[in-house]
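Engineer: sequence and predicted structure, then a few things I'm wondering about:
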Amino acid sequence: MPSAESDKVPMAMQTLTLRTRRQIPQIGLGVYKSEPGPVTKNAVRAALETGYRHIDTAMIYNNEPDVGETIRASGIDRSDVFVTTKLWNDDHGYDNTLAAFNRSLDQLGLDYVDLYLIHWPVPVLRLDTWRALERLTLDGRVRDIGVSNYLARHIDEILEYAPVVPAVNQIELSPYLYRTRLDTVERCRENGIVVEAYSPLTKGRKLDDPILAEIGSVHGKTAAQVLIRWAVQHDFVVLPKSVNPDRIVENYAVFDFSLSDEQMDRLDNLDEGLVTGWDPADVE
Ligand SMILES: NC(=O)c1ccc[n+]([C@@H]2O[C@H](COP(=O)([O-])OP(=O)(O)OC[C@H]3O[C@@H](n4cnc5c(N)ncnc54)[C@H](OP(=O)(O)O)[C@@H]3O)[C@@H](O)[C@H]2O)c1
């Protein structure tokens, strides 16, 4: 749970500790569907000016160059910004993965990425792919490696097979998709794998739920802030996406209030198995 001390400091950056003992800022700007070019650059610039120190991109988002360029131009020390990118499904397999990583690093124009993820548990190939990620950590161009869209059984498989345990598992999580994913969350926790919540705002679908408005009104906060705070209090890394500077500020202003146990409980019980993106449930 966030410490009482950090709760008192509005807008303070809060971090979680990865199994390698490195720190990961708990809120990251998501840039899925952020249009390449000025739209993504403006979003990343607004986020860095607000205090975000974590950007979550992927090869398939087509905006690695904009993310890298904006970070380089920001004047912020590279070591103070946490950058994640992801390996796309077409690039699985040992040699393909090494080549795809080189292309991503080149697109970003950075010397290293903080976190490189397998975007999706592509059957069979994902094991060789993981060996390549392990290899990539050896020369310092990747600080941490992890997975995304892995359910409990995919985590079990990698733990059985791999010398290096993933640092994170990035999965869709919101109060509307929480109990359904609890076995995966627990499997990660048991093994020291940090859980990252993607599509934490349900892609906007549930922002008009009166329960969120009711809970938010107690704290003078919006529905989006309630959802992000819920994820923070569950010790998830949370990755809200916006290209709107006002919302980017809003989504970060969640360290000056706390949801009560009762409010957390109400939110935990909103599960309706709402998957807004792709669903790994059928992946062997
Ligand atoms: N690993 C994976 O497979 C995977 C899959 C999906 C997502 N992700 C990651 O997770 C990030 C977030 O997920 P997401 O992009 O699917 O959706 P999301 O963050 O749940 O929702 C984004 C939507 O909410 C709107 N929005 C943002 N802040 C708002 C606010 N304060 N009030 C009202 N509306 C607001 C955004 O519009 P505006 O931009 O116009 O503000 C956008 O339409 C992605 O960008 C990506 O980094 C990963």
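Structural biologist: Right, received. Where do you want to start? Since the model is a prediction, treat every value here as computed from it, not as a measurement.

Engineer: now the strands: where do they sit in the stretch 151-284 of the chain?
Structural biologist: With strands called from DSSP state E, counting those that start in this stretch, the stretch 151-284 of the chain shows them at 168-172, 194-198, 237-238.

Engineer: does any part of the second one sit near the ligand?
Structural biologist: Yes - Strand 194-198 reaches the ligand (Cβ under 6 Å from any ligand atom) through residue 198. For glycine as for every other residue, the C-beta is placed from the backbone atoms N, C-alpha and C.

Engineer: what's the angle from that strand to strand 168-172?
Structural biologist: 30 degrees (axes from the mean of the first three to the mean of the last three Cα atoms, to 10 degrees).

Engineer: show me what strand 194-198 is packed up against.
Structural biologist: strand 168-172, helix 182-190, strand 237-238 (3 or more Cβ pairs under 8 Å, 6 or more residues apart in numbering; DSSP states H and E).

Engineer: again, only this time at 7 Å
Structural biologist: strand 168-172, strand 237-238 (3 or more Cβ pairs under 7 Å, 6 or more residues apart in numbering; DSSP states H and E).

Engineer: near the ligand, which residues of the stretch 151-284 of the chain?
Structural biologist: So the stretch 151-284 of the chain meets the ligand at 170, 198-204, 207, 224, 239-244, 247, 250-251, 277 (Cβ under 6 Å from any ligand atom).

Engineer: buried only: go through the residues you listed for me.
Structural biologist: The neighbour-count test (16 or more other Cβ atoms under 10 Å) marks 170, 198-203, 224, 239-243, 247, 250-251 as buried among those.

Engineer: contacts only, for residue 112.
Structural biologist: For residue 112, the contact set (Cβ atoms under 7 Å, 6 or more residues apart in numbering) comprises 140, 141, 142, 143.

Engineer: residue 258 and the ligand, how far apart?
Structural biologist: 19 Å (Cβ to the nearest ligand atom, to the nearest Å).

Engineer: residue in the stretch 1-150 of the chain nearest to the ligand?
Structural biologist: residue 30 (2.4 Å; Cβ to the nearest ligand atom).
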